[in-house]
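> The following block contains a protein sequence and its predicted model.
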Amino acid sequence: MKSLALVFLVDQSQNWLIMKNGDTVLGLFQGMFEQNILTFNPGWDQNAAGLSEFDDVREIQQQLKQAGVVLDNETDPCGSGPANIVLTDPDGNHILIDQHC
């Protein structure tokens, strides 16, 4: 029997919804971003619940820069809490690493 993706979170007034099927989470956002985007949310599990341990976005930024990855948008390396970084993959798709906690 096939399982169906269920709507997990939604805000119709902002034209987005998050669907979930098992451990797979997919977000659909209409008009929020100009082009394709892949997002990662350090600090959240598959249920958007906070994790007690995770790699902070500033640590991820430092590792990417040390590996020679060019970032389109950086965050303050001395900051704390919510922040994000953006990079572009070789096909021109944006990758957003968006930490909410």
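Nice, I can see it.

> Got phi/psi on Met19?
For Met19, the backbone dihedrals are phi -110, psi 150 (criterion: degrees, to the nearest 10).

> now it: how far from Gln46?
Separation of Met19 from Gln46 (CB to CB, to the nearest Å) stands at 12 Å. Where C-beta positions appear, they are placed from N, C-alpha and C, glycine not excepted.

> These two: which is more packed in?
Neighbour count, other CB atoms under 10 Å: between Met19 and Gln46, Met19 has more, with 16 against 12.

> three-state assignment of Cys78?
Secondary structure of Cys78, reduced to three states by DSSP: H, G, I helix; E, B strand; the rest coil: coil.

> quick one: low-confidence parts of this structure?
Across the chain, the stretches falling below the confidence threshold (pLDDT under 70) are 1-5.

> re the thing from before, anything in contact with each of Met19 and Gln46?
Common contacts of Met19 and Gln46, defined by CB atoms under 8 Å, 6 or more residues apart in numbering, comprise Val25.

> No further queries at this time; thank you.
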